[in-house]
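Novice: coords please:
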Amino acid sequence: MQMNHLRLLRKKKQNPLSFVSLIKQQSPSFSTHVSSRSHQPDLNNVIACNKLITSYVRGGDIDSAFRVFENMKVKSIVTWNSILSAFAKKIGNFEHAHQLFEKIPQPNTVSYNIMLACHRDHFGVHNGRVFFDSMPMKDIASWNTMISGYAQVGLMGEACKLFSAMPEKNCVSWSAMVSGYVACGDLVSAVECFYAAPLRSVITWTAMITGYMKFGRVESAERLFKEMSMKTLVTWNAMIAGYVENGRAEDALKLFKTMLEAGVKPNALSLTSLLLGCSNLSALQLGRQVHQLVCKSPLSSDTTAGTSLISMYSKCGDLKDAWELFIQIPRKDIVCWNAMISGYAQHGAGEKALHLFDEMKNEGMTPDWITFVAVLLACNHAGLVDLGVQYFNAMVRDFGIETKPEHYACMVDLLGRAGKLSEAVDLIKSMPFKPHPAIFGTLLGACRIHKNLHLAEFAAKNLLELDPTSATGYVQLANVYAAQNRWDHVARIRSSMKENNVVKIPGYSWIEINSSVHEFRSNDRLHPELASIHEKLKTLEKKMKLAGYVADLEFALHDVGVELKEQLLLWHSEKLAIAFGLLKVPVGVPIRVFKNLRVCGDCHSAIKYISAIEGREIIVRDTIRFHHFKDGFCSCRDYW
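Specialist: Below you'll find the predicted structure:
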């Protein structure tokens with residue numbers, strides 16, 4: 001019966017190979033190690049048998065390891081501990097591990113530590129503590145196992161008590177405490193523990209760097225990184241990921257290059273962070289270089305790396321390459337499907353996103369809450385209101401997925417864009433949790449589109465109560481008043497912003513030309529080629545007016561004359577970036593522009609004219625979605 005159970009263990013579904021396992025496959029020592037299994041060992045030679053058992057266990061072949069174990073004439077404590085460890089590490093094998101432990105003639109500290117970790121991992125840290133207290137012998141590893149267990153579940157009070165009671169501490173002890181404090185958000189205690197440690201391993205230093213980055217103290221993390229005499233790949237990854245998380249993607253890319261120059265080989269996590277940095281910077285050319293690096297490494301068949309590339313291409317405006325990558329990935333997990341569905345949704349290809357969602361379900365993949373965020377986003381951008389409501393209801397009813405604020409934000413936006421503002425308000429009031437400020441910000445944006453002043457004031461009031469420092473609340477409401485020429489109210493709001501020290505986020509756009517990023521602000525005066533850009537815009541303006549373009553002065557939010565309003569609109573940041581792209585990007589290559597705020601209505605109208613006049617495809621990403629302009633039309637079909 002026991003052997004049958006062991007054979008069943010080998011039939012579980014294989015996971016994609018990790019970077020480490022791929023590297024091991026290529027190393028001569030690993031190949032020799034595997035081939036040695038084919039030799040029948042001398043069952044009287046304990047050392048040889050122990051090595052073979054270890055070899056099988058490392059390769060995941062517990063069945064063969066146990067067969068050697070059972071046939072051995074003599075077993076040492078190393079033999080027992082090796083096979084015990086194999087069972088103890090597999091969740092669901094507690095009974096087998098316990099039976100083996102009970103049969104050990106003379107268990108040692110290692111035996112007890114293996115069972116301690118088994119109790120903790122199978123039944124929780126409290127059960128592990130009961131076993132810990134009953135252990136007749138303990139060493140540093142025993143104490144560290146319990147401290148790490150408490151730290152991993154955030155029980156730092158209990159971890160601290162054990163840590164204080166330890167008769168002897170090592171680097172692992174201090175690292176567990178620092179990592180635990182960082183994980184539970186207690187940076188002060190983490191810093192105190194770090195500097196109190198008489199011995200610090202690379203793990204301790206890396207944990208502290210992670211903590212500093214987590215709380216935005218980038219300079220402190222940089223200082224520690226420079227002070228480290230020895231760095232592991234994990235340390236480099238912590239810095240790269242930290243830079244990206246703190247909005248300093250350029251520094252992440254620079255550090256990655258330094259890491260390569262130092263001879264450190266990246267892994268999937270390195271490239272995932274780097275690709276996220278490329279996505280944040282919209283640095284498509286650099287992203288392509290990272291893709292080449294992935295193709296030349298063992299990561300070329302790694303699903304995680306492939307998914308990161310799909311996400312990068314989608315966020316950088318290249319949906320074609322994202323899709324080609326997607327169809328090449330042989331083993332797609334839920335994250336991979338979500339990345340592609342989200343990519344289609346962000347680009348306004350709602351029908352393709354929903355078709356892919358159906359295909360995913362047909363493949364037997366169960367959607368998660370992130371999948372439904374992408375599905376609702378797809379319905380939103382395609383204007384499929386009724387279908388969006390159906391999916392929202394089916395999410396809970398048919399899939400048992402708990403609704404999250406992100407789902408409600410999508411639904412409020414979906415209803416709001418369709419002009420169903422009252423239904424959107426009712427949905428907000430029915431939410432099972434307190435609305436997030438972004439919910440009211442979304443409603444406020446919809447009120448501006450449909451010029452509903454009453455609900456706009458309601459949304460702004462609630463938004464500013466939740467977040468008094470929100471520039472969005474003030475600016476959007478001011479825009480509603482400006483659209484109705486109520487300049488006295490606009491002036492009052494701007495005065496209120498000054499009194500509350502609220503600063504509007506300046507709008508800017510950027511474009512990548514030959515791997516260099518060029519940034520533009522509205523009414524820009526700094527770009528070295530501004531004269532040529534203005535000349536190009538003036539030429540375009542004449543052609544656009546002949547084609548029927550009329551400037552939408554509603555988006556010139558200043559109480560000034562018509563002529564000046566038209567000039568202010570002409571020099572909006574996205575128009576400057578597009579004009580520069582027309583001058584620099586070769587014909588036949590799409591012009592990709594990115595903006596930190598929403599594209600204004602006048603720019604949206606103007607870009608449609610420009611795409612037709614110049615015969616160019618222009619792709620613009622704002623904070624909500626991608627707009628693909630071609631032949632005078634936009635992919636959003638003006639539903640945005």
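
Novice: chain center to stretch 458-468: distance?
Specialist: Centroid separation for stretch 458-468 versus its chain: 29 Å, with CA atoms, centre = their mean, to the nearest Å.

Novice: that stretch: which residues count as buried?
Specialist: Buried residues in stretch 458-468, counted by 16 or more other CB atoms under 10 Å: 458-460, 462-464, 466-467. All C-beta spots, glycine's among them, are computed from the backbone N, C-alpha and C.

Novice: possible to save those residues as a markdown table with distance to residue 400, pLDDT and secondary structure?
Specialist: Formatted as a markdown table, those follow (distance: CB to CB, whole Å; pLDDT from 0 to 100; DSSP: H, G, I helix; E, B strand; the rest coil):
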| residue | distance to residue 400 | pLDDT | secondary structure |
| --- | --- | --- | --- |
| 458 | 34 | 90 | helix |
| 459 | 32 | 89 | helix |
| 460 | 36 | 87 | helix |
| 462 | 31 | 88 | helix |
| 463 | 32 | 86 | helix |
| 464 | 36 | 84 | helix |
| 466 | 30 | 86 | helix |
| 467 | 32 | 85 | coil |
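
Novice: just the closest of the residues you listed to residue 392, please.
Specialist: Proximity of the buried residues of stretch 458-468 to residue 392 (CB to CB) peaks at residue 459, which lies at 20.6 Å.

Novice: spit out the contact partners of that closest one.
Specialist: 440-441, 443-444, 447 (CB atoms under 8 Å, 6 or more residues apart in numbering).

Novice: out of these, grab the one that's most surrounded.
Specialist: residue 443 (30 neighbours; other CB atoms under 10 Å).

Novice: next, the distance between the ends of stretch 589-601.
Specialist: 25 Å (CA to CA, to the nearest Å).

Novice: so what's the gap between it and the chain middle?
Specialist: That offset, for stretch 589-601, works out to 22 Å (CA atoms, centre = their mean).

Novice: now stretch 193-210
Specialist: 26 Å.

Novice: in that stretch, which residues are buried?
Specialist: Applying 16+ other CB under 10 Å to stretch 193-210 flags 193-194, 197, 200-210 as buried.

Novice: helices of the stretch 1-150 of the chain, start to end?
Specialist: 2-9, 19-26, 28-35, 46-58, 62-71, 77-88, 94-103, 109-123, 125-134, 140-152 (DSSP state H, counting those that start in this stretch).

Novice: what residues does the longest one touch?
Specialist: To tie it back to what came earlier, the one meant is helix 109-123. Contacts of helix 109-123 (CB under 8 Å, 6+ apart): 77, 80-81, 84-85, 88-89, 91, 94, 97-98, 101, 104, 127-128, 130-132, 135-139, 141-142, 145-146, 149.

Novice: distance of residue 566 from residue 550?
Specialist: 10 Å (CB to CB, to the nearest Å).

Novice: please apply the same query to residue 221.
Specialist: Counting by CB to CB - residue 221 and residue 550 are separated by 52 Å.

Novice: the two: who's more crowded?
Specialist: residue 221 (23 against 10).

Novice: list the contacts of the closest residue in space to that one that isn't next to it in sequence.
Specialist: Residue nearest to residue 221 in three dimensions, not counting chain neighbours: residue 212, with 3.8 Å by CB to CB, 6 or more residues apart in numbering. Residues near residue 212 by CB under 8 Å, 6+ apart: 187, 218, 220-221, 224, 242.

Novice: buried set for the helix or strand containing residue 358?
Specialist: Secondary structure assignment for residue 358, by DSSP states H and E: helix 350-362. Buried residues in helix 350-362, counted by 16+ other CB under 10 Å: 350, 352-354, 356-357, 360.

Novice: before we move on, what about stretch 502-515?
Specialist: 502, 507-512.

Novice: just put those in JSON lines and tack on secondary structure.
Specialist: Shown next, in JSON lines, are the buried residues of stretch 502-515 (DSSP: H, G, I helix; E, B strand; the rest coil):
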{"residue": "502", "secondary structure": "coil"}
{"residue": "507", "secondary structure": "coil"}
{"residue": "508", "secondary structure": "strand"}
{"residue": "509", "secondary structure": "strand"}
{"residue": "510", "secondary structure": "strand"}
{"residue": "511", "secondary structure": "strand"}
{"residue": "512", "secondary structure": "strand"}
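
Novice: any idea which of these is closest to residue 598?
Specialist: Using CB to CB, those come closest to residue 598 at residue 507, 8.8 Å.

Novice: ok, that closest one touching residue 603?
Specialist: No: judged on CB atoms under 8 Å, residue 507 makes no contact with residue 603 at a distance of 10.4 Å.

Novice: mutual contacts of those two, please.
Specialist: Going by CB under 8 Å, 6+ apart, residues that sit against residue 507 and also against residue 603 are residue 572.

Novice: closest to the centroid, which residue in the chain?
Specialist: residue 276 (7.3 Å; CA atoms, centre = their mean).

Novice: could I get the helix or strand hosting it in CSV with only the CA atoms?
Specialist: Using DSSP H and E, the element containing residue 276 is helix 268-281. Output of helix 268-281 as CSV, limited to C-alpha atoms (Å, rounded to 0.1, in the frame of the first residue of the first chain):
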residue,chain,number,x,y,z
ALA,A,268,13.6,35.2,-14.3
LEU,A,269,13.1,37.6,-11.4
SER,A,270,15.8,39.9,-12.7
LEU,A,271,14.3,40.1,-16.2
THR,A,272,10.7,40.4,-14.8
SER,A,273,11.7,43.5,-12.8
LEU,A,274,13.7,44.9,-15.8
LEU,A,275,10.8,44.4,-18.2
LEU,A,276,8.4,46.1,-15.7
GLY,A,277,10.9,49.0,-15.7
CYS,A,278,10.8,49.0,-19.6
SER,A,279,7.0,49.0,-19.4
ASN,A,280,6.9,51.9,-17.0
LEU,A,281,9.3,53.9,-19.1
